[in-house]
Every structure is written in C-alpha cells, then in structure tokens.
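Engineer: Predicted structure and sequence below. I'll ask about it afterward.
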Amino acid sequence: MKKRIGLIVAATLVLGGTTAFAAMKVYELKNDQGEAVVRINETTESKREYSGNRIEIVNQIRENLQPGARVAVYIAGPDNPDKNVSFMEIPSFISVQSELQTKVGTFFEIPEELVGGYKFAEGHINHQLSGSMQELFDEMIKEAERDNKNVVVRELPANPNVQYLYLTYKHNKGEVMLTLTNFENMKWVSDEAGPDETVEKVTVQKKEALYHVRKLKDKEAKYVQFYQDDKKRLIEVRTMEPDITKEDLLKIAEKL
C-alpha cells in the first residue's frame, strides 16, 4: 500500500464489547428512512494510542503479504481488551482510471477529474468478506487463549465485490482522497471527535452531510461525509492539505 497503514486495515470487527468513552454529544448522518448511517461521538477523552509493539506486529504481518492478500488478524493483549479481530487486505494500486473502473463495475463511476482540477492519480479496492466470519473469528480467539499465542493470522477467501473504494486525486494545492463505502451489507459506521476537533452539519446534494476536522500530530485532516440512498453508499471527501478548504471539499462532493 506504499506503507499507508490507514488504507490497509479496512475494517475492524468488534467482538463482545465496545470502546468506553465519555460521550458529550453524538452527531448522526441519516438515510432517507431516518436511520443513522454515521455516528460521530464527541468525547472529552483522547483517542487510544496503540503501543509500539502492536504497531510493529502489524507492520511485520503486512510486510510478509503480497498485494491482493486478505487475512484476519487477532492480536491479544492490553491494547485489545475488547478482543477485536481486524480484517487486513494488501491493496493493488492502479493508476489507470479505465483499468480500475473495470474492476469497480457499476458501484461507482470514477471521474478522471474532480471539481477544481484535481486529476485522478491512483486507486484501490478493499473487498467484502465472504459471508459471516463470526465462527472463524471465534476460533482465532480460542486458539490464542488455548495455545497462549499473542498473534493469530488466518487467510480469507477471495471475494470480487467492492466494500471500500479508495481514490486519490492530485492538484498543485495537494491531494484529495475519496473513500466510498458499500452499505449493501452494513448498517452504520462510527467515529469519535476529541475535544479540540470540529464536527458540523453541512449540506451536500440538497441533503444533510457532516464536516469533520480531525487533529493529527502535526496537521489537520478535513472530511466531508454524505450518503447516497439510491446507491447505498457512503462517500467521504478528505484532505490533509492546509490550502484546500472546507468550501473546496463541498464543491467536489456536490458533483459526485
């Protein structure tokens, strides 16, 4: 993935619990039926920082996998009190728009250019899990506990269906990324906003959307999220470039 960790770990399946936090307010993005598809919990607590050991383990697993490989990973220990099993897919990056479009099919028509002159640079797909993986994940946790293992890795079967589509566009101002999530087999996604972060309601394509500014170590990440009911997909437009504004992201989102 060119060592971009955030794009490799496509989904974390939470088994037997949720992360505790002191929620102050919940921002929701709803579909046409009034059901929340995105929940952002405003919290007074800092986000969990994973230990260097956990990061090192994830990096070692990733470096031993080839592009296209799909595995489930269970890492036991204090960093994982809820016994989460992560799904990891090593992406195959594609820089030709037409080639990627063939693989994406009708899920999304990939634009060559975004509003503002941002040109398609590359993209990749993370695919759906094949049916229910609950039994497999339970077996992984039991194996770790029975054999006193810190890490359990299992290969997952191939699936051609898109779960996440990641696209990168470039301009002299910097990069804009699109993330599209297929909600065909999903109900909602959640996130947290720390005390120094911004979440606000905005409008995209005549519907309510969310704008989120996340504080990172040395910069800000800006997101616009909106849901398209007719396509059952969540679209996120984001950037970490200081010269790309909220208004720029909203203009891009409006035409997708």
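Structural biologist: Yep, it's here. Numbers count the residues shown, from 1 in each chain.

Engineer: For Arg48, report the pLDDT, please.
Structural biologist: If you check Arg48, the pLDDT there is 59.

Engineer: sec struct for Ile55, please.
Structural biologist: helix (DSSP: H, G, I helix; E, B strand; the rest coil).

Engineer: Okay, it and Thr168: tell me how far apart.
Structural biologist: Using Cβ to Cβ, to the nearest Å, Ile55 is found at 23 Å from Thr168. No exception for glycine: its C-beta is placed from N, CA and C like everyone else's.

Engineer: Then Gly77?
Structural biologist: For Gly77 relative to Thr168 (Cβ to Cβ), the value is 33 Å.

Engineer: From the neighbour counts alone, determine which of these two ranks first.
Structural biologist: More crowded of Gly77 and Thr168, by other Cβ atoms under 10 Å: Thr168, with 19 against 13.

Engineer: Is the more buried one in contact with His124, as I believe?
Structural biologist: No - under the criterion of Cβ atoms under 8 Å, Thr168 is not in contact with His124, lying 9.2 Å apart.

Engineer: Give me the mean pLDDT for stretch 242-256.
Structural biologist: 97.

Engineer: where does the stretch 51-200 of the chain have low pLDDT?
Structural biologist: 51-52 (pLDDT under 70).

Engineer: Which stretches in it count as strands?
Structural biologist: For the stretch 51-200 of the chain, applying DSSP state E, counting those that start in this stretch gives strands covering 70-75, 85-89, 113-114, 118-127, 151-155, 162-171, 174-182, 189-193, 198-204.

Engineer: so of those, which one's packed in deepest?
Structural biologist: strand 85-89 (a mean of 22; mean count of other Cβ atoms under 10 Å).

Engineer: quick one: strands adjacent to it?
Structural biologist: Here strand 85-89 is paired, per DSSP bridges, with strand 9-13 (antiparallel), strand 70-75 (antiparallel).

Engineer: What lies in contact with the last one?
Structural biologist: The contact list for strand 70-75 (Cβ atoms under 8 Å, 6 or more residues apart in numbering) reads 54, 57-58, 61, 65, 80, 83-90, 127, 133, 136-137, 140-141, 144, 150-158.

Engineer: quick one on the thing from earlier: turn the strands of the stretch 51-200 of the chain into JSON lines, columns for distance to Leu250.
Structural biologist: Below are these laid out as JSON lines (distance: least, Cβ to Cβ, whole Å):
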{"stretch": "strand 70-75", "distance to Leu250": "35"}
{"stretch": "strand 85-89", "distance to Leu250": "30"}
{"stretch": "strand 113-114", "distance to Leu250": "12"}
{"stretch": "strand 118-127", "distance to Leu250": "14"}
{"stretch": "strand 151-155", "distance to Leu250": "41"}
{"stretch": "strand 162-171", "distance to Leu250": "15"}
{"stretch": "strand 174-182", "distance to Leu250": "12"}
{"stretch": "strand 189-193", "distance to Leu250": "19"}
{"stretch": "strand 198-204", "distance to Leu250": "6"}
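
Engineer: Which of those strands sits closest to Thr44?
Structural biologist: Using Cβ to Cβ as the measure, strand 189-193 is the one of the strands of the stretch 51-200 of the chain that comes nearest Thr44, at 10.6 Å.

Engineer: centre of the chain versus the closest one, how much separation?
Structural biologist: Once both centres are worked out by Cα atoms, centre = their mean, to the nearest Å, strand 189-193 turns out to sit 11 Å from its chain's centre.

Engineer: That one - contacts with which helices or strands?
Structural biologist: strand 36-43, strand 207-215 (3 or more Cβ pairs under 8 Å, 6 or more residues apart in numbering; DSSP states H and E).

Engineer: separation between Ile125 and Ile110?
Structural biologist: Relative to Ile110, and taking Cβ to Cβ, Ile125 is found at 11 Å.

Engineer: no no, Gly77
Structural biologist: Taking Cβ to Cβ, one finds Gly77 at 40 Å from Ile110.
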